[in-house]
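Student: fold the following and give me the result.
(2 chains)
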Amino acid sequence: MIIAEATSAPAVRASGLAQIIREPILWLVLSILVLGALTSPHYLSALNIQNLLRNAALVGLLATGMTIVLITGRIDLSVAANMVFSVIVAVVVTSWVGRELGLRWIVKGNTFAGSPLIFVAVSLLTGTAIGALNGVGVAYFKVASFIMTLVSLTALRGLSYLATNGAPFYLKGAFFNWLSDELWLGVPVSFVLLVVLVLFAHAFLSRTVAGNRLFAIGGNETATLYSGITTNRYIVASFALSGLFAAVAGLVFTARLKSVEAALAQGYELTAIAIAVLGGVALAGGTGSLWRVLTAAVGFSAGLNLLAIWGVPTWYQNLAIGAVLILAVSLTRLNHKN
Amino acid sequence: MLKFTRRAAIGGVMSVAVFAATQGCLTAQAHADGVHDVLNGLIASYSEHAKEGMSNKSVGELFEKDGFRDYLDAYPVGGLADGFVWKPGMGATFTGPYSKLEIKAPFTDYIPLPEGPVLDPKKTYKIGFVFHGFNHPWLISLADAAAWEAARHPNVEIEVIDAEFDDNKMGQVIDTWVAKKYDGIVLWPSREAPMGPPVDRAIDAGIPVVSVDRRTSSEKISSEVLGNFYANGLQEGLYLKEVLKAGNIVLNRKDLGSTADSIRTGAFLEVIGNVDGFNIQGNYHTNSQRTLAFQSTADALQAFNDISVSFNTGGEEAMGALDAIREAKRLNSAPDGKKIVILANDDAKEVLKEIADGNIDMVSPYTPLIGDIGIRAVIKHIGAKEGLNDAPPKLIMTPNLPMITKTKMVIEGVETMTPDEWPYAYGPAVN
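Tutor: Okay, here's the model as predicted:
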C-alpha cells in the first residue's frame, strides 16, 4: 500500500517500501506484535487481536477527527464529551419520537431497542452540529480553540447529566450487536469502519482543494488569507468533521458497552491527542497523515493490550505511554529533519 | 402527590398499627436475631409506611423529584447466605498487602474457605480482580481484603488491576483475561450499565464472574456481593429522628444516579418523611469529593443561619462538611446555640476519630473489607464448574452493621457501638 502524506507543500511521495522503512510508528507496531508473540501464547490469538482492534477503532475514530482539527493549527478538547452527548441526544429524540408517535416498541423504560435509523441519523447530525458550533466560535468569533472547546466539553457534560438525570440508558438490538461484535473476515466491523472512514478522510485531505486548504491554514494562516482564501468556512468544516468522527466513535463506544450515561469516556480527548501526536501530527498545524494516525491507533491499542496481557499495573502502563510518546515524537522530528 | 382518601386513611392507620407493633417487638428481637435481621425489619416497616405517603411536604417533594421509589424498590434487601449471623468481634486480623495497614476484616467467616490449597490441589487457579482507585483508602482496603484471601491459598494466583475509573478500560481488562483463559474474575464496577457486556462475554466464555459492592447490568453474572446501602441511609434517619424533632437539613450527596446515593438518600428520606418538623434546606451533589462537600457546605452556611443537620452520603462528604463548619466556626450554630448534627456513612478511621471527639454525631459503617468474600465466592463457583462443590448463591448480601455513636444508645431496638468498640475501621490512623 502506498502511504502518501498530504502536506501544504506539494505531496511528497517516495516508493512504498522506502517510505515504510522510514516510518518509526510502523516499526513500533511491528515490535510490539513480535514482542507480544514471543512473550505470551495468548497475544496473537484471534480473540485478543480482535479485542485490540476494537479498541483501536474507538480511539482511532476520535484521533482521526482530532487530527483534522490539529492540521489547521487548532485543537478540539470536546471530542469525548461530544461523543457521549451525541448518543444521549439520539436517546432523547428517539424517546420523544417514540412517545409522540405511540411507537412504544422504540423505547421501553430506559432501553432503546428499535430501528437504529433515526438513532444513528440524530447522533451523527448532533455530533456534526456541535463540531460546527465550535468551529463558528473559533473562526467567526475568534475564540481560541482551546477555550471554545473546553467550554463545550464542560457544557456538553452538564447537558448530558441534565438530559439523563445521571441515569444509564441501555442500547439493545441487532444494530448495536453488529457494530460491537460482528466480524468481517475475522476483523471487527468497527475496525473496518475506521479504515473505510480514514480512507475517505485521507482522500479528502490529499485529493481535494478543500483538504489542501486545511493544510495551508495550519501551515501559514496569514499567507493563506492573503492568497484570497476565505479561511473561516474551512475552519468550521474541520471542526464539523471532528464532531462527525466523534459521533461515529460514540456509536462504536456505546455499542461496545451496550449503554450510555453522562459520565462515560472522561479524559478520552487526551488519548485522541496522544494518538495524533504518536502518529506524527504537529500540534502547531500544517502537517499530518491519517495513515500514520491509524497505525498509531493500532500501536497504542496493541501496546496497552500487551501490558495488560503481561499484567502490568495501570500506573506503569501510564508511564510506558508517556515514554513511548516522547520517543515517538523525538523520532518523528528527527525523521522530518533528515 | 398525597391523596387523603378514606382508603388511604384506613391503610395508613393499619400501617401505623403494624409499624408500632413491629417496633415494640424489635427491642426484644434484637437480642435474639443478628442486627442484620433487625435492620431489615426496620427497612421493611419504614418503606411500607413511606409508600402510604409522606406527610412532610419538603421531604416528599425531593423523594418524588429524584425518583427514589424506583431505586429503592429495585435494590435487594434480604437474608444472609447459609443462615450466617454476624456478631461484633468476628473476623480475621492481618496486614493489608497493599496498604500495609493493620486490618481487622469483619466478614472472613462468611462463606468460609479453610486456609490451604483449594479445589484441585494439583492445579493453579488464576483469578483476576479489577477495580478502580488504588489511591482511595476505601478501595485499597477492598483490594487488600481480596489479595489477603487469595494469598491464603497457595494454588491461587491473583492479578489486581486498577481501571482508573474508565469503564472502557475495565471492559478491556476483562476481555484480556478472557483471552488469557483465567479461571475466575472478580470486579468492583464503578457504574452498573457499561459493565454488563464484558461480564456477559466472560460468562459466555465459561469464566465465573463475581461483582463486589456494586452491581452490573449482566443478568448472567455468577454472584453479586452486595453491601448494606439501605441500612446505611435508614440508620442516618433513625438517629436524626431520635435526637431531633425538627430542623433544617443540608444534604451533601454523591453523584446523581449512583446506587450509593439513590439508596442511602432514599432510605434516609423514607425514615424522616413523616416527621413534619424537618425541612430540606439545601441539596447538593458533591460526588464523593471532600472539596466539593466543603464548598457546598460553606455556601450553605453563607446562605442560611439556621442549619440544624448536615446529612452526608459518604465519609468524604462528611469530612468536607465538617471542615467547612469548623472553618466558619459554626459547629454550635444551630437554632438555640445547639450543635449542628452531622450524619455520615463509611467507617474510615478519620471519621471515627471525629465521632470520638464529638464533632460528627454518627456514622453508618460501610466496610470495604468485603473483597475476600468475592474471592471465596468465585473460587466456589470454579469448584462448582469442576464438580467439586455446590455453587454459592447468586445474591450474597453482606451483613447490616450497627451504627457508631460517641456514647452507647439504643435506637428503635438497635444498640449502637462506640468508636472504641469498633475494630473494623479502615484507612490510615489519624492523631
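
Student: how close does residue A:112 sit to residue A:168?
Tutor: Distance from residue A:112 to residue A:168, counting by CB to CB, to the nearest Å: 12 Å. For the C-beta atoms, the positions are set from N, CA and C on the backbone; glycine is no exception.

Student: quick one: the strands in the stretch 101-250 of chain A?
Tutor: A:107-108, A:111-112, A:169-171, A:183-184, A:187-188 (DSSP state E, counting those that start in this stretch).

Student: using JSON lines, lay out those together with mean pLDDT, mean neighbour count and distance to chain B.
Tutor: Below are the strands of the stretch 101-250 of chain A laid out as JSON lines (pLDDT from 0 to 100; neighbours: other CB atoms under 10 Å in any protein chain shown; distance: least, CB to the nearest CB, whole Å):
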{"stretch": "strand A:107-108", "mean pLDDT": "53", "mean neighbour count": "16", "distance to chain B": "15"}
{"stretch": "strand A:111-112", "mean pLDDT": "74", "mean neighbour count": "22", "distance to chain B": "10"}
{"stretch": "strand A:169-171", "mean pLDDT": "88", "mean neighbour count": "24", "distance to chain B": "6"}
{"stretch": "strand A:183-184", "mean pLDDT": "96", "mean neighbour count": "12", "distance to chain B": "14"}
{"stretch": "strand A:187-188", "mean pLDDT": "97", "mean neighbour count": "20", "distance to chain B": "12"}
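
Student: state the pLDDT value of the residue in chain A positioned nearest to chain B.
Tutor: Per CB to the nearest CB, residue A:166 is where chain A lies closest to chain B, at 3.0 Å. Residue A:166 carries a pLDDT score of 77 in this model.

Student: hang on, it packs against residue B:256?
Tutor: Yes. Using CB atoms under 8 Å, residue A:166 is in contact with residue B:256, at 3.3 Å.

Student: spell out which parts of the stretch 1-150 of chain A neighbour chain B.
Tutor: Remark: the part of the stretch 1-150 of chain A in contact with chain B comprises A:40, A:42, A:45, A:47-48, A:51, A:55, A:58, using CB under 8 Å from any CB of the partner chain.

Student: could you turn the buried ones of the residues you listed into a ChimeraX selection?
Tutor: Here is the ChimeraX command that selects the buried residues among these (16 or more other CB atoms under 10 Å in any protein chain shown):
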select /A:40,42,48,51,55,58
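
Student: between the strands of the stretch 101-250 of chain A, which gets nearest to residue A:91?
Tutor: strand A:169-171 (4.8 Å; CB to CB).

Student: which residues touch the residue nearest to residue A:47 when sequence neighbours are not counted?
Tutor: Nearest residue to residue A:47, sequence neighbours excluded (CB to CB, 6 or more residues apart in numbering or on different chains): residue B:179, at 4.8 Å. Residues in contact with residue B:179, defined by CB atoms under 8 Å, 6 or more residues apart in numbering or on different chains, are A:42, A:45, A:47-48, A:51, A:309.

Student: could you redo the last one with a cut-off of 7 Å?
Tutor: A:42, A:45, A:47-48, A:51 (CB atoms under 7 Å, 6 or more residues apart in numbering or on different chains).

Student: farthest pair in the residues you listed?
Tutor: Longest span within the contacts of residue B:179, CB to CB: A:42 and A:51, 10.4 Å.

Student: measure the one residue in the stretch 51-200 of chain B that gets nearest to chain A to residue A:111 for me?
Tutor: At 3.4 Å from chain A, residue B:193 is the closest residue in the stretch 51-200 of chain B, using CB to the nearest CB. Distance of residue B:193 to residue A:111, given as CB to CB: 10 Å.

Student: give the residues shared as contacts by the two.
Tutor: Contacts common to residue B:193 and residue A:111, judged by CB under 7 Å, 6+ apart, are residue A:170.

Student: can you list the residues of the stretch 51-200 of chain B near chain A?
Tutor: Proximity of the stretch 51-200 of chain B to chain A (CB under 7 Å from any CB of the partner chain) is limited to residues B:159, B:161-162, B:164, B:167-168, B:171-173, B:175-176, B:179-180, B:191-194, B:196-197.

Student: wait, isn't residue B:86 in contact with residue B:400?
Tutor: No. Judged on CB atoms under 7 Å, residue B:86 makes no contact with residue B:400 at a distance of 8.4 Å.

Student: tell me if residue A:312 really is in a strand.
Tutor: No. Using DSSP: H, G, I helix; E, B strand; the rest coil, the secondary structure at residue A:312 is coil, not a strand.
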